[in-house]
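> Just a sequence and a predicted model for now, questions to come.
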Amino acid sequence: MKIQEEKENATSQISWENILTSLEDGVIVVDPRGNISFFNQAAEMLTGVSASQALHQTYARLFNKNPWLIDMVKKSQPPQQNSTRGEGDLVTPLGRQLPVNLTVSPLQDRYGRSIGSILLLRDLTHRKEMEEDLQRADRLAMLGTLAAGLAHEIKNPLGGIKGAAQLLRREAHQVPVIGQYTDIMIREVDRVNLLIEQLLDLSRPAQLNLVSLNIHELLDDVLLLEKQTVQESRVTVRKNYDPSLPPIQGDRAQLTQLFLNLVKNALQAMDGQGCLTITTRIETDFHIR
C-alpha cells in the first residue's frame, strides 16, 4: 500500500508540474527559506533566465531590482501569509523592463503549515499597447473635433483672400507679373482649403486628385513662391529642364507641397552658399531630380 501511495503521489506531482509548465503565465514557487523550487517555461520567457539558473537561487537575489515584488512575496510568508495582487514594471536580471500583473499566494500543506509561496506573472505588454492605441484614438478624435471648429474660422478669411486675388487679377492686364502672382495666390488658397478638408476626416485615407500636369510650370510656381527666400539666402538657382518631357499625371497640391519641402530643405542645407540646380530628364521611366 505504501509503495502504491508513493507511486500515486509521484504521478500526481508529475501531472501538476506538466500543467504548471504548460501555462502561459509565469509560475514561480518559493520554499520557506526563499529558494526558488519551481520555474516554468513562461517564467523563463518573461525573465530571460533559464530554470537551471533560477532553481535553488533565492527570489530576493533573482529579483533584486524589483523591491515591490520582494515586498509582495514577504507578505505571503509567515506571520502574515496574505495573498496579494498588483501591477508593476518587472526589471529582469538582463535589464529588460516589461509591465506585469503579479499574484502572490501562500502555500500550505494539508496541516496548514507554510511551505512557501507561489508567484503568478502575467505579461501586460499587449494590454498596455491596446490601451495606448485607445488613448491615441481618443486624442485623434479630439483633434478631429478641434479641426472641425478651426476649419470654419480659417475658411472665412481664405475665401476673402481668394476673392480679393480674383478681383486683382481682373485689373492686372497691364502688369502680367501681377496676374502671375494672383494665379499662384488663388491656387495656394485652394491648396490650404484642401488640407483643411483632409483634417476634417482623419480616418479617411488621402485620395489623389490626378490631373495632367506640366511639371516645369509647377516647378516654376514653386520657385516663384520661394523667390523671396531664395533672394535672402543668396543661393543661385539654375533650371535645367528637359523640353521633351511630356505632361505627367499627378496631384497638383501634393506635388506642390513635395517640391516646396525639397526646395526649403535644400536652401537650409546650403546655408547661403552655392547653386541650387533643378534638373528634369527622361530615363527608363520619368524621374524628376
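Cool, got the structure.

> residue ranges for the helices of the protein, please.
Assigned by DSSP state H, the helices in the chain fall at 2-22, 41-47, 51-54, 59-62, 67-75, 125-170, 176-200, 215-225, 227-233, 252-270.

> Break the chain into its domains for me.
Under the assignment named as automatic domain parsing, the residue ranges that make up the domains of the chain are 2-123, 125-207, 209-289.

> Mean pLDDT added to those domains, as a markdown table?
Below are the domains of the chain laid out as a markdown table (pLDDT from 0 to 100):
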| stretch | mean pLDDT |
| --- | --- |
| domain 2-123 | 86 |
| domain 125-207 | 74 |
| domain 209-289 | 85 |
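
> Serialize those domains to CSV and add fields for mean neighbour count.
The way it works is simple: take the backbone N, C-alpha and C, and place the C-beta from them, glycine included. Rendered in CSV, the data for the domains of the chain read as follows (neighbours: other CB atoms under 10 Å):
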stretch, mean neighbour count
domain 2-123, 15
domain 125-207, 13
domain 209-289, 14
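
> Report the separation between E17 and N40.
9 Å (CB to CB, to the nearest Å).

> And E24, by the same measure?
For E24, the distance to N40 equals 10 Å [CB to CB].

> And I118, by the same measure?
I118 sits 11 Å away from N40, going by CB to CB.

> Which residues are in contact with each of the two?
Overlap of the contact sets of I118 and N40 (by CB atoms under 8 Å, 6 or more residues apart in numbering) consists of V27, I28.

> how about the helices of the chain, which one is nearest G112?
Set against G112 and scored by CB to CB, those come closest in helix 67-75, at 17.9 Å.

> So what touches the closest one?
Helix 67-75 is contacted from outside by 30, 59-60, 63-64, 80, 82, 84, 86, 88, 90, 102, 104, 117, 119, using CB under 8 Å, 6+ apart.

> cutoff 10 Å now
Outside of helix 67-75, the residues that reach it under the criterion CB atoms under 10 Å, 6 or more residues apart in numbering are 28, 30, 34, 58-60, 62-64, 66, 80-91, 100, 102-104, 106, 116-119, 121.

> joint contacts of E17 and N40?
Between them, E17 and N40 share the contacting residues V27, judged by CB under 10 Å, 6+ apart.

> L124 is in contact with L98, isn't it?
Yes - in this structure L124 lies within contact range of L98 using CB atoms under 10 Å: 7.8 Å.

> overlap in contacts of the two?
Counting by CB under 10 Å, 6+ apart, the contacts common to L124 and L98 are D89, L90.

> and the longest strand for this protein?
Ranked by residue count, the top strand of the chain under DSSP state E comes out as strand 97-108.

> So which elements touch it?
strand 26-30, helix 41-47, helix 67-75, strand 84-91, strand 114-123, helix 125-170 (3 or more CB pairs under 10 Å, 6 or more residues apart in numbering; DSSP states H and E).

> distance between that strand and the chain's centre?
For strand 97-108, the gap between its own C-alpha mean and the chain's C-alpha mean amounts to 30 Å (CA atoms, centre = their mean, to the nearest Å).
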